[in-house]
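Student: this one's structure only:
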Ligand SMILES: CCCCCCC[C@H](O)CC(=O)SCCNC(=O)CCNC(=O)[C@H](O)C(C)(C)COP(=O)([O-])OP(=O)([O-])OC[C@H]1O[C@@H](n2cnc3c(N)ncnc32)[C@H](O)[C@@H]1OP(=O)([O-])[O-]
């Protein structure tokens, strides 16, 4: 049964029952119509409580129904209208979540009671749509325009206590929301309901609404560059100000349909389901996520309290896992401790505001210099800087100190996991956990399996990612893994574009208008140019180890751009030195301004090397950079390093500032059309045989030859997952 009804005294309790998240599918909507119909006719019922089974009110519309005929049967907004018009008071008992259509349903009820652990919100914008069951019309009438815009445009999940302060819910309770809702329902029997019917309320405000909305449009355009849904949300809210309720709802519906036609919702919903699929990992042996039991991580340790280590410590503490944090000397330990404690204080403050005692949610952090204290921890995450010898030294120590069943993780962003594992007494319990900076904020975690990593170790690391609230993707071991490996050809193209006549700001603008959070040059400045320089020096691509007579722009017969090396040789490491591809207000500054020095430097460089200037236009810039990125993605699939294109897209959407409304680089390639991507790369490669990264990948060629099948079907052509080192 999609919804059930029971009677408590004179209160009918209608329960939505559609596991796992009580999505409001067509069958749920039918059942709600039926149960509300019966309850309103039943003379023994004087009030109604609506809740969801398994401690979850509802996650909203069933996203899988969008684009199918099921969404057209029994509209949710009609149900909401019926509930709101009910002569018997209806109280929503919110447990767990009331999101999207779930909250819209609750807003149609006359009262809302929430348990303190619950979250409410209208997160439709995050899947490319807008609330389209009256949410954009009822919420502003309840909490006013500015607050409603904030909730709807950002799509965030709002903790119960904040929802109470905003006026979204009427009561927050520590115990059972259903019991409290039944009590409230009994209390309000016979009271007038008119003021509780949100659609009938007028929006009152002292603000000049048109000016306020116009300013919000401008701000939102900048903030969500290229994403259509946030703009549609604002227009729908504007309708709530300008139009009567029923016409506002019509506008909401129209906006929903026009958004659908842009293709962005499909891309974002693909991204949503891909994230969930990524958790369902598979292994070359055929083992899958459901066949392996993860071990419980009760205590953890983090080695190294630099930026990454600090973020990891915070993540663990927030997940209620006590942490031992280790540094190499007293000074570094003190610095790390100060930084961690100040971050923890901020987290504690947030918890207090949400009505929680920080002690019940944040686990303790113990700071020490002594490796010996690690003997009892269940899992260690090493987060020292990228140096193989240093990492090996640490893993040797861990191997001798930690209990035999402890898991040893390395936060390397590209070093060989097998080599690190080889120095330990337990290579089967060694795994890569590649966090992204800042680790307490960034959603992505790349879990890297080595040749000998056991299935239990994989299951434990994947489960830890889930506990930390990360989007966790399992990948194979190859230099730079998935995300960073794909960056190589992308950044290479960005540099070539400069050599050929573009400037950092031209390339960045093109990529940012495409939707990237940050163009390649701003990103390099942020990450620090010295990181790549050190690695190229170690590989002998630059510096004293380059063989005599090597042409400046060639390495091993292929094209090479020494631009970034030359910048580093001038002491320009990016934001940290106040100068890189851009200039900044001071070392550590964040505001990038085009630098005349760079312009002059590029012009001289082109002259010295007699490079013909052919600056590319915006479309060409995007094509070259994005196709280069996707092409490497196809190679990664061929190699079995990522087990499906969805995993690659999840990595890019969550770790590299890729615009989610374009689905991810692999989805985008499929959207553009694989034959087109193949032909463009082939044309470029034929004219530039010294740029092997642009040679179309074999898998791309194969898929393009059959017309570019839908992304779901690529799996059939993808190689088996392997370890490629
Ligand atoms: C004109 C046309 C009219 C249209 C009317 C529009 C009405 C309305 O405005 C639109 C909406 O409500 S849009 C909706 C607005 N709502 C949202 O955007 C909320 C989206 N959902 C979430 O944010 C998270 O899933 C939760 C926080 C709910 C649970 O997080 P957690 O505990 O970490 O669990 P988890 O791993 O994430 O999910 C567990 C399983 O549930 C699945 N599933 C989840 N939601 C689903 C849904 N709505 N649907 C279907 N399935 C949904 C999920 O795929 C997974 O399936 P699997 O097969 O087991 O892999």
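Tutor: Nice, thanks for sending it over. Values in this document were obtained by computation on a predicted structure and should not be read as measured data. Residues are numbered from 1 along each chain as shown.
Student: ok and the residue in the stretch 451-600 of the chain nearest the ligand?
Tutor: Closest to the ligand within the stretch 451-600 of the chain is residue 466: 7.9 Å, counting by C-beta to the nearest ligand atom. From N, CA and C alone the C-beta is placed, and that goes for glycine too.
Student: Now name the helix or strand holding that residue.
Tutor: Using DSSP states H and E, residue 466 sits within helix 455-467.
Student: Likewise for residue 269?
Tutor: Assigned by DSSP H and E, residue 269 falls within helix 264-278.
Student: what helices or strands is the following helix or strand past that helix leaning on?
Tutor: Once the chain leaves helix 264-278, the next helix or strand it forms, by DSSP H and E, is strand 300-303. If you count contacts as 3 or more C-beta pairs under 8 Å, 6 or more residues apart in numbering; DSSP states H and E, strand 300-303 packs onto helix 307-318, strand 323-326, strand 379-382.
Student: partner strands of strand 300-303, parallel or antiparallel?
Tutor: Within its sheet, strand 300-303 is paired with strand 323-326 (parallel), strand 379-382 (parallel), according to DSSP bridges.
Student: With mean neighbour count and mean pLDDT added, can I get the ones you listed in a markdown table?
Tutor: Below are these laid out as a markdown table (neighbours: other C-beta atoms under 10 Å; pLDDT from 0 to 100):
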| stretch | mean neighbour count | mean pLDDT |
| --- | --- | --- |
| strand 323-326 | 24 | 98 |
| strand 379-382 | 26 | 98 |
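Student: And these: which comes nearest the ligand?
Tutor: Among the strands paired with strand 300-303, strand 379-382 sits nearest to the ligand (C-beta to the nearest ligand atom), with 21.7 Å.
Student: What lies in contact with that closest one?
Tutor: Residues from elsewhere that reach strand 379-382, judged by C-beta atoms under 8 Å, 6 or more residues apart in numbering: 297, 299-304, 312, 374, 391, 394-395, 398, 402, 406-411, 433, 460, 464.
Student: ok, now which residue in this structure is the farthest from the centroid?
Tutor: In the chain, the residue that sits farthest from the middle, by C-alpha atoms, centre = their mean, is residue 43; the gap is 49.6 Å.
Student: secondary structure element for that residue?
Tutor: Here residue 43 is assigned to no helix or strand, by DSSP H and E.
Student: confidence score at it?
Tutor: Confidence at residue 43, expressed as pLDDT, is 96.
Student: and the gap between it and residue 248?
Tutor: Distance, residue 43 to residue 248, using C-beta to C-beta, to the nearest Å: 35 Å.
Student: which SS state does residue 438 fall under?
Tutor: Secondary structure for residue 438, judged by DSSP: H, G, I helix; E, B strand; the rest coil, is coil.
Student: how about it, what does it touch?
Tutor: Residue 438 neighbours (C-beta under 8 Å, 6+ apart): 307, 311.
Student: And for the one 5 residues further on?
Tutor: Contacts of residue 443 were listed using C-beta under 8 Å, 6+ apart, and they are 436, 469, 470, 471, 654, 655.
Student: what's around residue 609, how many residues?
Tutor: Residues within reach of residue 609, counting by other C-beta atoms under 10 Å, total 12.
Student: Next up, the contacts around the residue nearest to it when sequence neighbours are not counted.
Tutor: Using C-beta to C-beta, 6 or more residues apart in numbering and skipping residues adjacent in sequence, the residue nearest residue 609 is residue 553, 6.2 Å away. Taking C-beta under 8 Å, 6+ apart, we find residue 553 in contact with 499, 559, 560, 561, 562, 609.
Student: So which of those are in helices?
Tutor: Secondary structure from DSSP state H places residue 499 of those in helices.
Student: Show me just the buried residues among the contacts of residue 553.
Tutor: With burial judged by 16 or more other C-beta atoms under 10 Å, the buried subset of the contacts of residue 553 is 499, 559, 560, 561, 562.
Student: now stretch 619-629: mean pLDDT?
Tutor: In this model, stretch 619-629 has a mean pLDDT of 98.
Student: quick one, strands of the stretch 51-200 of the chain?
Tutor: Taking DSSP state E, counting those that start in this stretch as the criterion, the stretch 51-200 of the chain contains strands spanning 90-94, 97-99, 111-115, 119-121, 158-159, 171-173.
Student: How far does the shortest one sit from its chain's centre?
Tutor: Going back to what we said before, that points to strand 158-159. Averaging C-alpha positions (C-alpha atoms, centre = their mean, to the nearest Å) puts strand 158-159 18 Å from its chain's average.
Student: With stretch 108-118 instead?
Tutor: Between the centre of stretch 108-118 and the centre of its chain there are 28 Å (C-alpha atoms, centre = their mean).
Student: wait, does it contact the ligand?
Tutor: No. Stretch 108-118 is not in contact with the ligand by C-beta under 6 Å from any ligand atom; minimum separation 10.9 Å.
Student: list the buried ones in the helix holding residue 269?
Tutor: Within helix 264-278, the residues scored as buried using 16+ other C-beta under 10 Å are 264, 265, 266, 267, 268, 269, 270, 271, 272, 274, 275, 278.
Student: and that helix with the ligand, contact?
Tutor: Yes. For helix 264-278 and the ligand, the contact criterion (C-beta under 6 Å from any ligand atom) is met by 273, 276.
Student: for that helix, packing partners?
Tutor: Using 3+ C-beta pairs under 8 Å, 6+ apart, the elements in contact with helix 264-278 are helix 228-242, strand 471-475, helix 645-655, helix 665-672.
Student: angle of that helix against strand 471-475?
Tutor: Counting by axes from the mean of the first three to the mean of the last three C-alpha atoms, to 10 degrees, helix 264-278 points 60 degrees away from the direction of strand 471-475.
Student: what's the average pLDDT for helix 264-278?
Tutor: Per-residue scores along helix 264-278 average to 97.
Student: try stretch 486-502
Tutor: So the average pLDDT for stretch 486-502 ends up being 98.
Student: Might you calculate how far it sits from the centre of the chain?
Tutor: 26 Å.
Student: quick one: pLDDT of the residue of the stretch 601-725 of the chain at minimum distance from the ligand?
Tutor: Nearest residue of the stretch 601-725 of the chain to the ligand: residue 646, at 12.2 Å (C-beta to the nearest ligand atom). Looking at residue 646, its pLDDT stands at 97.
Student: Tell me which residues of the least confident helix or strand in the chain by mean pLDDT come out buried.
Tutor: Taking mean pLDDT, DSSP states H and E as the measure, the chain has helix 358-361 as its least confident helix or strand, at a mean of 86. Neighbour counts over helix 358-361 (16+ other C-beta under 10 Å) mark residue 361 as buried.
Student: Tell me how far it lies from the chain's centre.
Tutor: Using C-alpha atoms, centre = their mean, the offset of helix 358-361 from its chain centre is 26 Å.
Student: pLDDT on the helix or strand following it, on average?
Tutor: Toward the C-terminal end, the helix or strand that comes next after helix 358-361 (DSSP H and E) is strand 365-368. When pLDDT is averaged over strand 365-368, the result is 98.
Student: residues from the stretch 251-400 of the chain in reach of the ligand?
Tutor: Residues of the stretch 251-400 of the chain found near the ligand (C-beta under 6 Å from any ligand atom) are 253, 256, 273, 276.
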